[in-house]
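Engineer: could you look at this predicted model? Sequence included:
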Amino acid sequence: MDNVNKLTAISLAVAAALPMMASADVMITEYVEGSSNNKAIELYNGGDTVIDLAGYKLVRYKDGATDALDMQALDGQTIAPKSTKVILNSSGTITLAQGVDSFSGTLSFNGGDAVALVKDGAVVDIIGDVPTPAGWGLDVTLKRKLDSLVANTVFNSVQWEQLPKDTFSGLGSLDTPAEPEVPVFNCSGAKIVPIYQVQGAGESSPYVPEGVFESEAEVTVRGVVTARGESLFKGFYLQEVKGDNSPYTSDGVFVFLGEAAPEAIQPGVEVCVQGKVKEYFGLTQIDIKTDKKFEVGTKGEVPVVAPFYVADGETLAQALERYEGMNVALDAGSDLKISRTFSYDYAGRRNNMLVSYKEPLMKSTQLYPALSPEAIALVKSNLANQLFIESDYKPADGVIPYFPDFNVETGYIRVGDQLTNLQGVIGYSYGAYRLVATNTITAGDFIRGDDRTDAPSVATKGDLRVASFNVLNFFNDVVGGDTNPSGSNRGALTEEEMLLQRTKIVSAITAMNADIVGLMEIANNGFGEKSAIKNLVDALNEKQTPENAYSFVELADDDKYDGKYFGSDAITVGMLYRGGKVTLAGAAQAIDTPEQHASAGSVTRTKDGKTETNPGNDAYQRHSLAQTFKIHDESLTVVVNHLKSKGSGCLEDWANFEDKTDPADQQGKCNAFRVSAAKVLGEALKDVKGDLLVIGDMNAYGMEDPIRVLTDFDASKSDRDIMTASWTTLDGRVFERQGSKIEKGYGLINLNTKAHGAGTYSYSYNGELGNLDHALANASLAKRLVDIEDWHINSVESNLFEYGKKFSGDLAKSENAFSASDHDPVIVALSYPAPVEPPKPEPKPKDDGGALGYLGLALMSLFGLQRRRR
């Protein structure tokens, strides 16, 4: 045996004796996604000993998924020190150089899948973001740079070099294959077209004919680089130093390379490029991906960063078009307000932030009835009033690259804050304008609008306060809580998360100082010692004085599902009250809400001459909880509700071909089903004696159908019918086989609208604000209104501050009330003055009456006078 083989044998023996742990030396060094089935992954062992790959496997994150799928186990394989191993797709036709260590297996990744090397369930190295942008790694070879031979659990594209499709010659070797020499491009003799002429004054370039997406001929432009794009936009931005001094044309343009620009192309360097002008899904760009026609010059004068402003009479989108491709600065004159704080953008599949001009966006159906001309106009206006604030690279969880001081106590961002001093280049993708930040800012660069308050102003008003609070899936499963009917846990995944969530909820309720609290999204695990509601109340009472201690309302056993639960869902509604302020008057009542059941084939829909039958539809919604209280000699009935969610699916959505899209009326899915619930509530409560307050998360904005049905809807004054759902049952019996038209609302009064107008909010979704959480009163209770407040501790805050740690990385959390949930609590202050007892009359002197009385008084007077004379 020669020395090399002897050393190898010794190394293998040592490796076999060691415990199976992931080696930091093994990593992915090449990724091939080529024609047909030509796929390969190259692994490298950077250590000094043989690595046994037992327990290792390759996995993929398919089409943006966040959970991995197994591809190829590596058991039985080893990698020699300082050597590679290539795994080939068994159906491919890749030929490797002689002597390359390889084997064939199952490699099923495509251009939209990240690929990871995993050891015993833990990620060792990964290529591609998770979730993965569509087409991220399609038709490319990616090779790790020699100065970046370090495994990473978070993908960093800077460490990788992109090579042309079907580049296989480097597989098995760390050396980058030599590329064929191409003639060096230069701009000598070319006609230079000013960038502002390429951009033009319209929405698209005048060089791109109408009806097509690229120019007929190439153009040559010269400018100074203002920013590089290496991930979100792959290329670089060029800008004229002086421009044409016209506010209607942009002096900048994006140059598309399809990969990170060479290191020589840096901000401040003059570059000349030649390529076709393209309108790429709304972004004007010069495409040089194929021929790479660019000439790098010297470092020159950097264009002045242009202050961004919106002119009178134009939309934000129109203003952004004037600056497309330019490096701009947001200042006080830009007047851009945060409309969605830093959080996940489902369209872009990354965390970012949304700003709008002058004020945050309001949901159209919060202010106007669905499909009214005003609502339709606001939808259009909102779409033209959005700018996404981006970083080039997808940031790590819990990190804002352009705001390094982001933190829960002092470095927070709230909806309504004005953003200033941020610089960036203007691009366009996913149907929206995007500013890719090029500098960093501090907390002082946010001009606070509605800043945080330690308690709502309403907390000390009135004689009695009632609150509604969605507590974002408060489950106590992880601390031994009882199970719910579904057996699922929608809440905290660890004891640490659960305790933090509870502490934040307790902080919020304590500050609210409400005497009655309606809860939504609390685990439906009964009312016993191990129930979520008991767990919450015990923790809450530790922060209360004895006279302010809370109890919870419990249903009678006959009203419980399976003898224990309130309905059959995993979550339910609940109610807390202070026994020192109010007294229960009778037992709690459950108000059953409708279900929807349409068996497969019972309903048809027709489109483009094609008729289909339904696949079978079953929908449920949570029941409502009613309790009457006595306050002095007055009667108050509080009803807590949580209607069907907007993200579910109901029969009407399928029938309208909106089962896979958002309904056109902007009211979300299952709207008619929520109307059915509103009808049932209205009928059940119309004869209630005394004061009535209906609260809760109605999953309907202020002017949507369910709220209008409960309040002041009048069909004779409406341009649009409001219909209930079809195929509904109630308490096991047929309720409405066919949806019915609502003629008249039930007359409740929206207290928020009464006090503050329609523009109130408790929730933020996709950058639009509105009220899902309501307080609706009958006439007698409305007269008692002192004040009502949506305490903005959740809707305007970043959800990264919530209790969950799955997507927040190492970001520190806080026990304060902010981001205790995703819904703001709504608190109602009411006047219930204590009865005033009339004063008791003073005792009068005894009066004998008549002449005798007068005579006695006269004698006494005379007697007194005589005594004084003595």
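Structural biologist: Good, I have the coordinates.
Engineer: what's across from residue 254 in the sheet?
Structural biologist: Beta-bridge pairing of residue 254, defined through DSSP bridges, involves residue 237, residue 285.
Engineer: ok, it - contacts?
Structural biologist: By C-beta atoms under 8 Å, 6 or more residues apart in numbering, residue 254 lies in contact with 229, 233, 235, 236, 237, 283, 284, 285, 286, 325, 425, 427. C-beta: built from backbone N, CA, C; applies to glycine.
Engineer: and the pLDDT at it?
Structural biologist: Looking at residue 254, its pLDDT is 98.
Engineer: what's the distance between it and residue 401?
Structural biologist: 20 Å (C-beta to C-beta, to the nearest Å).
Engineer: hmm, back to that, who wins for most neighbours among the contacts of residue 254?
Structural biologist: Greatest neighbour count in those, by other C-beta atoms under 10 Å, goes to residue 286: 29 neighbours.
Engineer: in this structure it contacts residue 252, no?
Structural biologist: No - in this structure residue 286 lies outside contact range of residue 252 using C-beta atoms under 8 Å: 11.3 Å.
Engineer: dump the contacts of residue 254 to a markdown table, plus distance to residue 149 and pLDDT.
Structural biologist: Compiled in a markdown table, the contacts of residue 254 are given as follows (distance: C-beta to C-beta, whole Å; pLDDT from 0 to 100):
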| residue | distance to residue 149 | pLDDT |
| --- | --- | --- |
| 229 | 25 | 93 |
| 233 | 28 | 91 |
| 235 | 27 | 96 |
| 236 | 27 | 97 |
| 237 | 31 | 98 |
| 283 | 35 | 97 |
| 284 | 39 | 97 |
| 285 | 34 | 98 |
| 286 | 35 | 98 |
| 325 | 36 | 98 |
| 425 | 32 | 98 |
| 427 | 33 | 97 |
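Engineer: closest one of these to residue 472?
Structural biologist: The shortest approach to residue 472 among the contacts of residue 254 belongs to residue 427, at 34.4 Å (C-beta to C-beta).
Engineer: ok, what's across the strand from that closest one?
Structural biologist: residue 434.
Engineer: that one contacts residue 434, doesn't it?
Structural biologist: Yes - if you go by C-beta under 8 Å, residue 427 and residue 434 touch, sitting 5.0 Å apart.
Engineer: common neighbours of the two, please.
Structural biologist: Common contacts of residue 427 and residue 434 (C-beta under 8 Å, 6+ apart): residue 232.
Engineer: related to what we said a few turns ago, out of the contacts of residue 254, who's nearest residue 447?
Structural biologist: The closest of those to residue 447 turns out to be residue 425 (C-beta to C-beta; 23.2 Å).
Engineer: roughly how far apart are that closest one and residue 310?
Structural biologist: According to C-beta to C-beta, residue 425 and residue 310 sit 18 Å apart.
Engineer: again with residue 257
Structural biologist: Counting by C-beta to C-beta, the gap from residue 257 to residue 310 is 31 Å.
Engineer: neighbour count for those two, which is higher?
Structural biologist: For residue 257 versus residue 310, the count of surrounding residues by other C-beta under 10 Å is larger for residue 257: 24 against 20.
Engineer: where does this structure have low pLDDT?
Structural biologist: Applying pLDDT under 70 to the chain flags residues 1-23, 176-183, 845-870.
Engineer: quick one: the helices in it?
Structural biologist: 3-17, 195-199, 316-322, 364-367, 373-383, 495-512, 532-541, 651-655, 671-685, 705-710, 751-756, 779-782, 850-869 (DSSP state H).
Engineer: just so I know, which of those helices lies nearest residue 558?
Structural biologist: It is, among the helices of the chain and with distance given as C-beta to C-beta, helix 671-685, at 17.6 Å.
Engineer: show me how far that closest one is from its chain's centre.
Structural biologist: 28 Å (C-alpha atoms, centre = their mean, to the nearest Å).
Engineer: skipping its backbone neighbours, what lies nearest residue 102 in space?
Structural biologist: For residue 102, ignoring the flanking residues on the chain, the nearest one in space by C-beta to C-beta, 6 or more residues apart in numbering is residue 86 at 4.0 Å.
Engineer: contact partners for the one you found?
Structural biologist: Neighbour list for residue 86: 30, 40, 41, 42, 43, 96, 100, 101, 102, 171, 172 [criterion: C-beta under 8 Å, 6+ apart].
Engineer: if you set the cut-off to 6 Å instead, what comes out?
Structural biologist: 40, 42, 100, 102, 171, 172 (C-beta atoms under 6 Å, 6 or more residues apart in numbering).
Engineer: which of those lies closest to residue 486?
Structural biologist: Closest to residue 486, out of all of the contacts of residue 86 and judged by C-beta to C-beta, is residue 40, at 44.3 Å.
Engineer: in contact with residue 94, which residues?
Structural biologist: 38, 40, 88, 168.
Engineer: count the residues that sit near the residue nearest to residue 369 when sequence neighbours are not counted.
Structural biologist: By the measure of C-beta to C-beta, 6+ apart, the closest residue to residue 369 outside its immediate chain neighbours is residue 703, 5.1 Å from it. For residue 703, the count of nearby residues is 25 (other C-beta under 10 Å).
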